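Visitor: Here you go, sequence then predicted model.
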Amino acid sequence: MFLLILSYKKPLAEVDRFVAEHRAFLERYYESGQFLLSGRKEPRTGGVIFANVESETELAEIIRQDPFCREQIADYEIIEFIPSMSAEHLSHLKET
C-alpha cells in the first residue's frame, strides 16, 4: 500500500483550472479499486491519496496520467507502507 502526498508548486488559480480533470482521474482509479481514500491538505497546499497497488512502478505509471502531473502543478512524494493494524472495517487491507 502507498501513501501519495501531493504538494502544489503553482498558485491555486492554476490548480483550480485542472481540478475537474483531476477528479475524473481520481474517479477512474476508485472504480478500479486502486485508490482507497483521498482529499486535500489543510491548509490547501496539496493533497493525499491512499493507493492499493502492487508496486511503486505501477503507482508511478498512474501518477503520469494525473493532469496535475502533466501540467507540472504538483510534486509527488510516494511512501510505501505495510498496514499491520486497522479499524475492524478495514481489516481486509492489513498484510498478514
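Guide: Structure received.

Visitor: which residues of this protein fall in helices?
Guide: With DSSP state H as the criterion, the chain has helices at 12-17, 19-31, 56-63, 67-70.

Visitor: Indicate which one of those helices is closest to residue 4.
Guide: Closest to residue 4 of these is helix 56-63 (Cβ to Cβ; 6.9 Å). (Glycine included, C-beta is placed from N, CA and C.)

Visitor: CA-only coordinates of the closest one in PDB, if you can.
Guide: C-alpha atoms of helix 56-63 as PDB (Å, rounded to 0.1, in the frame of the first residue of the first chain):
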ATOM      1  CA  GLU A  56       5.900   1.900  -6.800                       C
ATOM      2  CA  THR A  57       6.400   1.400 -10.600                       C
ATOM      3  CA  GLU A  58       2.700   0.800 -11.100                       C
ATOM      4  CA  LEU A  59       1.900   3.900  -9.000                       C
ATOM      5  CA  ALA A  60       4.400   6.000 -11.000                       C
ATOM      6  CA  GLU A  61       2.500   5.000 -14.200                       C
ATOM      7  CA  ILE A  62      -0.800   6.000 -12.600                       C
ATOM      8  CA  ILE A  63       0.700   9.400 -11.500                       C
END
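
Visitor: Pull the contacting residues for residue 22.
Guide: 66, 67, 68 (Cβ atoms under 8 Å, 6 or more residues apart in numbering).

Visitor: And for residue 79?
Guide: By Cβ under 8 Å, 6+ apart, the contact list for residue 79 reads 2, 3, 4, 5.

Visitor: and which of these is nearest residue 52?
Guide: Of all the contacts of residue 79, residue 2 has the smallest distance to residue 52: 7.9 Å, by Cβ to Cβ.

Visitor: returning to what we had before: out of the helices of the chain, deepest packed?
Guide: Highest mean neighbour count among those (mean count of other Cβ atoms under 10 Å): helix 67-70, with a mean of 18.
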